[in-house]
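give me coordinates for this.
(one chain, ligands or ions: 1)
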Amino acid sequence: MDWFLTSVLATLIVALVYWLSVRRANYWRDRGFPHIKSAPIIGNCWGLLRGKQSFNDMTQHIYNQLKARRLQFGGYMQFSRPMLMVLDPELINSILIKDFAHFEDRGFAVNEKIEPLNANIANLSGQTWRVLRYKLLPTFTTGKLKSMFDQIVYCSDNICDYVNSKSEPFEGKLTMQKFNLNVIGTVAFGLNVDACREDPETERFLKLSIKFFSPSLKTILKILLKMCFPKLADMIRMKMIDKEVTDFFTDLVKDTIAQRKRSGQKRSDFLQLMLDLQEKDLAGSGSGADKDADKGELEPEEKEMMIQAGQLQGSKVTIDTTMTESRIVAHSFLFIAAGSETTSNALNFALYRLAVEKEVQAELHNEIDSILDGQEFSYYTVKKMTYLDQFINEVLRLYPPGGMLARECTKPYKIPGSELVIEKGVMIAIPILGLQNDPEYFPEPDKFNPSRFSSPPPKGIFLPFGDGPRNCIANRLALLEVKIFLARLLMKYTVVLHEKTKMPLKMLSNAFFATVEGGIWLQLQKR
Ligand code: HEM
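I've put the predicted structure just below:
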């Protein structure tokens, strides 16, 4: 083929790709949806690609544009993937809860053959996810949480003593990552971890457990590529998790399983639950949330969990959902990685707010002192600390670890009260950060005011843990962990900000989760 023919062909291919992307960019206009104009190929991701906007900035920017037009929902493009941002709390509720059957998936296709470690509960879809979620719910019943209480207290005291024993200031995020690794390692896997130990093996464990979510534009682009062009990602056999992390966690979990099997030791933790499921699956007897739930009076949150479990039951299972060893490794990795980033982020910002909101800290000291006056520190006394609950909610309102919830439309959905139909495959974006900072729902949103949570907010506007059957499976454990840590800390100490913290706080633009440039530096003072 001569050069002339080659150039004509190349020009035609480029023109065809461009024409297809222009057509794609008009996706929302062609279907009559309100939308934000987007560019061919890159959609509305230009700021993100240039490293000028973080993922949260991008969604906030879209929220502000749609809100200014008083829209209940509006379309935009994440590269060539149509996204529908929903702003109306009632429609949000329908999508997350009432009409969940149309929006079960998170739109993050995983290929178990290419990357087994990524085939975890957060990324799985359809029936595989439903069966698994139902099987794993028993990990978080009240009985299980109570059995974890003393271990979380131990880890909290341990980290406070560690920080106090050093005379230098400490960086909040890393310290809270260490704390979280101790908690999850202990309560979920029965590992004897002490992430504060300064030996190379422990430092490697900590480094690898936080590596997946460490700030990098490369990680964000990989996530977007996987969401927007899943087939291309599979074709190039793109892996989300790097080899060192994969090998480390695979060996760690497999060794722990082998040790348990050798010793015949049974524990009441997440790993044991999965091993029991594996045993039942292999024996062909299955399992379910109802059979394994603790008996006795259910707490309100637990009741909701069981209702959700009911929603997950039903259809005949036609696929292989056996709890294989490789799946146990995948779910274990997720618990360590996802739990670490989210909880440590929440705690880091909680410490920061304690340090800058002196009156709030004093009120918390008072509440904790008066409840514990002559009383034992227990699951029940912690439950009575209602101002502490409000404080945590206010932290999660301003700094939700995830700024947006994602759902994929799995069955066409006619939007109630309109003629518009959301097509299968469209991604739904629920803007947690936008809603939680909206003055219509939270007057003076920049003001730190825990009392605004003295009564529960209406549904659909406060969503730090998501909502509905696909919400954060560990939300009760996470809240318990955060609450115990803060209560144990405040019983003995006052938190103060160190001058090393660069004020005003500036967020990194290349991080998936809100990450402060230079970190938050703090000190503890004995009360
Ligand atoms: C303050 C701490 C935490 C926050 C704010 C948080 C937040 C979230 C959010 C927003 C989601 C998505 C929910 C949705 O799409 O509706 C999620 C899902 C999830 N979280 Fe958390 N999380 C926290 C701690 C944890 C911990 C400690 C673990 C594990 C030990 C965990 C495990 C998971 C899992 C497995 C999912 C996926 C559930 C599914 O798809 O069925 N999270 N979390």
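
per-residue confidence at whichever residue of the chain sits closest to the ligand?
Using Cβ to the nearest ligand atom, the closest approach of the chain to the ligand is made by residue 466 at 1.9 Å. All C-beta atoms are positioned from the backbone trio N, CA, C, and that covers glycine. For residue 466, the model assigns a pLDDT of 96.

what's the closest non-adjacent residue to it?
Excluding the flanking residues, the one nearest residue 466 by Cβ to Cβ, 6 or more residues apart in numbering is residue 405, at 5.1 Å.

any figure for the gap between the one you found and residue 460?
Separation of residue 405 from residue 460 (Cβ to Cβ, to the nearest Å) stands at 11 Å.

returning to that earlier point: quick one: contacts for the residue nearest to residue 466?
Residues in contact with residue 405, defined by Cβ atoms under 8 Å, 6 or more residues apart in numbering, are 96, 429, 430, 432, 463, 466.

Serialize those residues to a markdown table and add fields for distance to residue 229.
Shown next, in a markdown table, are the contacts of residue 405 (distance: Cβ to Cβ, whole Å):
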| residue | distance to residue 229 |
| --- | --- |
| 96 | 26 |
| 429 | 18 |
| 430 | 23 |
| 432 | 25 |
| 463 | 28 |
| 466 | 25 |
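
what is the subsequent helix or strand relative to the host helix or strand of residue 247?
Residue 247 belongs to helix 243-263 when assigned by DSSP states H and E. Counting by DSSP H and E, the element after helix 243-263 in chain order, helix or strand, is helix 270-283.

which elements pack onto that following helix?
Under the contact criterion of 3 or more Cβ pairs under 8 Å, 6 or more residues apart in numbering; DSSP states H and E, helix 270-283 touches helix 126-136, helix 172-189, helix 243-263, helix 325-356.

kindly format the C-alpha coordinates of the helix holding residue 247 as PDB.
The C-alpha trace of helix 243-263 is given here as PDB (Å, rounded to 0.1, in the frame of the first residue of the first chain):
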ATOM      1  CA  LYS A 243       2.300  -6.900  41.900                       C
ATOM      2  CA  GLU A 244       4.100  -6.300  45.200                       C
ATOM      3  CA  VAL A 245       0.800  -5.500  47.000                       C
ATOM      4  CA  THR A 246      -0.900  -8.500  45.300                       C
ATOM      5  CA  ASP A 247       1.800 -11.000  46.300                       C
ATOM      6  CA  PHE A 248       2.200  -9.700  49.800                       C
ATOM      7  CA  PHE A 249      -1.500  -9.900  50.700                       C
ATOM      8  CA  THR A 250      -2.000 -13.200  48.900                       C
ATOM      9  CA  ASP A 251       0.800 -14.800  50.900                       C
ATOM     10  CA  LEU A 252      -0.300 -13.100  54.200                       C
ATOM     11  CA  VAL A 253      -3.900 -14.300  54.000                       C
ATOM     12  CA  LYS A 254      -2.900 -17.800  52.700                       C
ATOM     13  CA  ASP A 255      -0.400 -18.200  55.500                       C
ATOM     14  CA  THR A 256      -2.900 -17.100  58.100                       C
ATOM     15  CA  ILE A 257      -5.500 -19.600  56.800                       C
ATOM     16  CA  ALA A 258      -3.000 -22.400  56.800                       C
ATOM     17  CA  GLN A 259      -2.000 -21.600  60.400                       C
ATOM     18  CA  ARG A 260      -5.600 -21.600  61.500                       C
ATOM     19  CA  LYS A 261      -6.300 -24.900  59.800                       C
ATOM     20  CA  ARG A 262      -3.100 -26.400  61.300                       C
ATOM     21  CA  SER A 263      -3.900 -25.300  64.800                       C
END
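
tell me what angle that helix forms with helix 325-356.
Angle, helix 243-263 to helix 325-356, by axes from the mean of the first three to the mean of the last three Cα atoms, to 10 degrees: 110 degrees.

around residue 378, how many other residues sit close by?
14 (other Cβ atoms under 10 Å).

OK, contacts around it?
So residue 378 contacts residue 149 (Cβ under 8 Å, 6+ apart).

what's it sitting at in phi/psi?
Note on residue 378: backbone dihedrals following degrees, to the nearest 10 are phi -140, psi 170.

one more: residue 403?
Torsion angles, degrees, to the nearest 10, at residue 403: phi -90, psi -10.

I'd say it and residue 56 touch.
Yes - if you go by Cβ atoms under 8 Å, residue 403 and residue 56 touch, sitting 3.9 Å apart.

between these two, which contacts overlap?
433, 514.

for the helix holding residue 247, packing partners?
Checking 3+ Cβ pairs under 8 Å, 6+ apart, helix 243-263 ends up next to helix 200-211, helix 270-283, helix 325-356.

try 6 Å
In terms of contacts (3 or more Cβ pairs under 6 Å, 6 or more residues apart in numbering; DSSP states H and E), helix 243-263 is packed against helix 200-211, helix 325-356.

of all those, which lies closest to residue 170?
Counting by Cβ to Cβ, residue 170 lies closest to helix 325-356 out of the helices and strands packed on helix 243-263; the figure is 9.3 Å.

tell me, how many residues neighbour the closest residue in space to residue 461 that isn't next to it in sequence?
Distances taken as Cβ to Cβ, 6+ apart place residue 441 nearest to residue 461, at 4.5 Å, with adjacent residues excluded. A count of nearby residues for residue 441, using other Cβ under 10 Å, gives 17.

what does the one 3 residues further on give?
Residue crowding around residue 444 was assessed by other Cβ under 10 Å; the count is 9.

what kind of secondary structure is it in?
With DSSP: H, G, I helix; E, B strand; the rest coil as the basis, residue 444 sits in coil.

distance of residue 282 from residue 275?
Counting by Cβ to Cβ, the gap from residue 282 to residue 275 is 11 Å.

so which of those two has more stuff around it?
residue 275 (19 against 11).

my guess is residue 509 meets residue 55, correct?
No - Residue 509 is beyond contact range of residue 55, at 9.0 Å (criterion: Cβ atoms under 6 Å).

chain center to stretch 453-463, what's the gap?
19 Å (Cα atoms, centre = their mean, to the nearest Å).

thank you, goodbye.
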